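>>> Sequence and computational prediction follow.
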Amino acid sequence: MLTLSSSPPPYHFPTNPRIRFRISGFIRILYGSATALNSADRGEAIPNQRLNYEGVRLEETVDTKSGKVRLDSWISSRIPGISRARVQSSIRFGLVAVNGLTVDKVSHNVRTGDKVNCIISELPPLRAEPEELPLDIVYEDEHVLVVNKPPHMVVHPAPGNAKGTLVSAILHHCSLPTITLANTEDASDVENTSDDDVSILPTQIFSQGRMTFTSSVRPGIVHRLDKGTSGLLVVAKDEHSHTHLSEQFKSRTIHRVYLSLTTGVPCQTCGCVEVPIGRDFNNRIRMTAVTGLGRSGHARHAVSRYKVIDVLGNGGSALVEWRLETGRTHQIRAHAKYLGIPLLGDEVYGGTRDLALSLLRPRTPTSCHGQLNDLISAIGRPCLHAIALGFKHPYTGENMRFSCPPPADFAKVLSHLHKISA
């Protein structure tokens, strides 16, 4: 009888071999600004540009076939890209009137013929406060910091995720004060709306007591990982490093390798997915691979190369390596779905528990079905890990290369799926 145990997987994931420089102590520096990247300079469309909807005015008569519809839902449908939470905030602030009367109830129903006047409110600023949180530092010198982000940690503060962020941990580590961050529409009501694009925004001037200081909107963060994604991320400690690393992302010379566990196995053992990615119009928290010419203007160029490292669960899953040539929001997750192999545990992109079990149960001895159910049900995130990161040091020019093995939750699932195959 086959039993699924949690013994170590039969894979060797190299630990970081590469701390050559002396690790410096805490550093008191506030991160400088960098020029915003212009998509037009890269010859790309700008459909997913972050918009500030503050002051947007809607004056329209309702026309609905459903008899009645919630006010917040109707307004959201009339302003492309805006979040429901942003609309609800405007309603609660008394900035919405129906038939000339102010309405502050977000669930108020409107009907065909109702006249709606709406002004979108200003987003309140976010604060990032230093917090003493565990920080897995893979490498540090006076200019850059490379960290191994754990799963379930948000990179920067957002509505609903004000505390426990990587930015807060870095502020504490570097002995920096609380900062105020500009709130943007992409930091929406959705926890895992994040991306891996270079996150450079204009500099803001903030005050704290008698001290006025400058900080980039996302201090030192040059790129991001989704909340559920674990692995390597580089942080800049000064303006020169921030600018230099950002240029490397822009020119696509950053070396990035990811590992994933997929629901199903790719038809080919390796390949390149070169399909644009844009916002899913039916679900604003999700991106989608856009293949039709009619909607290509709403998508951005995206290239992912993949290779099957191992077939698991007797063909019900696979360990897949990804190398990115671009860094779009949810790029691997969207491209994996496009290939028909959504990431294990990725409920947003179709890697559901039911789909995983439908593929794995027929390939697993009946005596192990209970353990398999428990294993798959316990997966609380997309099984995606940034295993390798490489860049040119912004000061020395040295080629830096780092790697870190997947965390325990990923390794446990990998081990069990391998035992099914064995």
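Everything's here; your move. Bear in mind that the values here come from a model prediction, so they are computed numbers and not experimental data. Numbering: from 1, shown residues only.
>>> Spit out the contact partners of H255.
A388, L389, G390, F391, R401 (CB atoms under 8 Å, 6 or more residues apart in numbering). Heads up, the C-betas are built off the backbone N, CA and C, glycines and all.
>>> Now the two most distant members of those.
Farthest-apart pair in those is A388 and F391; separation 11.1 Å (CB to CB).
>>> before we move on, back to that, restricted to strands, list the contacts of H255.
Counting by DSSP state E, the contacts of H255 place A388, L389, G390, F391, R401 in strands.
>>> for S246, phi and psi?
Backbone torsions of S246, given as degrees, to the nearest 10, read phi -60, psi -40.
>>> same deal with G380?
G380 adopts backbone torsions of phi -110, psi 20, taken as degrees, to the nearest 10.
>>> what about it, neighbour count?
11 (other CB atoms under 10 Å).
>>> List the residues that contact it.
G380 makes contact with P151, H152, G228, G345, D409, according to CB under 8 Å, 6+ apart.
>>> For the closest residue to I420 other than its chain neighbours, grab the count of nearby residues.
Using CB to CB, 6 or more residues apart in numbering and skipping the chain neighbours, the partner closest in space to I420 is G313 (4.7 Å). By other CB under 10 Å, 25 other residues sit near G313.
>>> right, and G313 touches R363 too?
Yes. At 5.7 Å, G313 counts as touching R363 under the criterion of CB atoms under 8 Å.
>>> Find residues that contact each of these two.
By CB under 8 Å, 6+ apart, the residues touching both G313 and R363 are I420.
>>> Next one, pLDDT for Q204 please.
In this prediction, Q204 carries a pLDDT score of 34.
>>> Tell me which helix or strand comes right after the helix or strand harbouring S76.
Using DSSP states H and E, S76 falls within helix 71-78. Per DSSP H and E, the first helix or strand lying C-terminal to helix 71-78 is helix 84-92.
>>> In ChimeraX, how would I select just the buried ones from the contacts of H255?
To isolate in ChimeraX the members of those that are buried, counting by 16 or more other CB atoms under 10 Å, one can use:
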select :388,389,390,391
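>>> now the contacts of H255 as CSV including pLDDT?
Output for these, formatted as CSV (pLDDT from 0 to 100):
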residue, pLDDT
A388, 97
L389, 97
G390, 96
F391, 97
R401, 97
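>>> Export the contacts of H255 as CSV, with columns for distance to E132.
Shown next, in CSV, are the contacts of H255 (distance: CB to CB, whole Å):
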residue, distance to E132
A388, 29
L389, 25
G390, 30
F391, 28
R401, 30
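>>> just the contacts of H255 now: which is nearest S107?
Closest to S107 out of the contacts of H255 is L389 (45.8 Å), distances taken as CB to CB.
>>> so what's that closest one bridging to?
Here L389 sits in beta bridges with R256, F402, going by DSSP bridges.
>>> Check the spacing between it and R256 real quick.
6 Å (CB to CB, to the nearest Å).
>>> again with P177
Using CB to CB, one gets 32 Å for the distance from P177 to R256.
>>> Have a look at those two and say which one is more surrounded.
The neighbour comparison of P177 against R256 (other CB under 10 Å) goes to R256, with 21 against 16.
>>> Got the confidence number for the more buried one?
Value for R256, per-residue pLDDT: 94.
>>> so it touches F391, yeah?
No. Using CB under 8 Å, R256 is not in contact with F391, being 9.3 Å away.
>>> wait, what's in contact with R353?
Residues near R353 by CB under 8 Å, 6+ apart: E347, I376, S377, I379.
>>> mind pulling up the phi and psi values for it?
R353 adopts backbone torsions of phi -60, psi -50, taken as degrees, to the nearest 10.
>>> Write the ChimeraX selection for whichever of the contacts of G380 are buried.
To isolate the buried members of the contacts of G380 in ChimeraX, using 16+ other CB under 10 Å:
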select :151,228,345,409
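>>> farthest pair in the contacts of G380?
H152 and G345 (11.8 Å).
>>> can you list residues touching both of those two?
Joint contacts of H152 and G345 (CB under 8 Å, 6+ apart) are G228, G380, R381.
>>> Now those in a markdown table, please, with extra columns for distance to P80.
Shown next, in a markdown table, are those (distance: CB to CB, whole Å):
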| residue | distance to P80 |
| --- | --- |
| G228 | 27 |
| G380 | 32 |
| R381 | 29 |
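>>> Specify which member of these is nearest to Q331.
When the shared contacts of H152 and G345 are compared for distance to Q331 (CB to CB), G228 wins out at 14.2 Å.
>>> what helix or strand does the nearest residue to the closest one once chain neighbours are set aside sit in?
Take G228 and drop its neighbours on the chain: the residue closest to it by CB to CB, 6+ apart is R381, 3.4 Å away. Assigned by DSSP H and E, R381 belongs to no helix or strand.
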